[in-house]
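Engineer: sharing a model that was predicted from the sequence below.
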Amino acid sequence: DSGVTQTPKHLITATGQRVTLRCSPRSGDLSVYWYQQSLDQGLQFLIQYYNGEERAKGNILERFSAQQFPDLHSELNLSSLELGDSALYFCASSVGEAGGPGEQFFGPGTRLTVL
Amino acid sequence: GENVEQHPSTLSVQEGDSAVIKCTYSDSASNYFPWYKQELGKRPQLIIDIRSNVGEKKDQRIAVTLNKTAKHFSLHITETQPEDSAVYFCAASIKGNQFYFGTGTSLTVIP
């Protein structure tokens, strides 16, 4: 157990719908990262937050958005869902800038299926 | 942005042999290079990492080397065991911000 929690574990929805994925980082970690892992593919970096502020953006679609709340948990919102959005979505956390680049701890992931 | 390439995509070795996975990166600003192991259906887990001010790091049977000039880094696993079978990902990061991952290497250790 990495200490990072993600809910829900599984999510099945239809095209055009909107879903919210939730992540709670390890205690003391200020950085949260979101990744998308499609079948047989690597990890695509989506976005990073540090202490409530957006720090870096990767290959995140305009239909996707995220935020980090004052209690440091983060939510990833996916809207106008398409079949191709079906994937495993991971959240990871790390100490963040104060500790320099360091180990990311991954959550168990949310498997999203769009029908 | 950063582009990380990883080779080979699949690797089969006999138990006890060594395995080597290679990655290249494009952005000279990248200064942190972790390696992750992901077993089927599970989360990625860090197995070793190296920072740009170090050329080599070793942890028991696992070692990583970094060549900043050539912009490549490699993972070496010695005395492989069946439990080493998994998908391995390299990554490059600029100061712990964006993390760019390679496409993964599926390692199979044959008993």
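Structural biologist: Looks like it came in fine. Residues are numbered from 1 along each chain as shown, chains lettered A, B, ... in the order given.

Engineer: do a quick rundown of the strands in chain A.
Structural biologist: A:5-7, A:10-13, A:19-24, A:31-37, A:43-50, A:53-57, A:64-68, A:74-78, A:87-94, A:105-106, A:110-114 (DSSP state E).

Engineer: of all the ones you listed, which lies closest to B:Phe99?
Structural biologist: Of all the strands of chain A, strand A:43-50 sits nearest to B:Phe99, with 5.3 Å by C-beta to C-beta. All C-beta spots, glycine's among them, are computed from the backbone N, C-alpha and C.

Engineer: go through the closest one and flag the buried ones.
Structural biologist: Going by neighbour count (16 or more other C-beta atoms under 10 Å in any protein chain shown), the buried part of strand A:43-50 is A:Leu43, A:Gln44, A:Phe45, A:Leu46, A:Ile47, A:Gln48, A:Tyr49, A:Tyr50.

Engineer: can you narrow those to ones near chain B?
Structural biologist: Near chain B, taking C-beta under 8 Å from any C-beta of the partner chain as the test, the members of the buried residues of strand A:43-50 found are A:Leu43, A:Gln44, A:Phe45, A:Gln48.

Engineer: can you give the contact residues for stretch A:107-115?
Structural biologist: Residues from elsewhere that reach stretch A:107-115, judged by C-beta atoms under 8 Å, 6 or more residues apart in numbering or on different chains: A:2, A:4-15, A:17, A:19, A:21, A:23, A:37, A:78, A:81-93, B:42-43.

Engineer: okay, residue 61: pLDDT?
Structural biologist: No chain specified, so I'll use chain A. A:Leu61 carries a pLDDT value of 94.

Engineer: to clarify, I was referring to chain B.
Structural biologist: 97.
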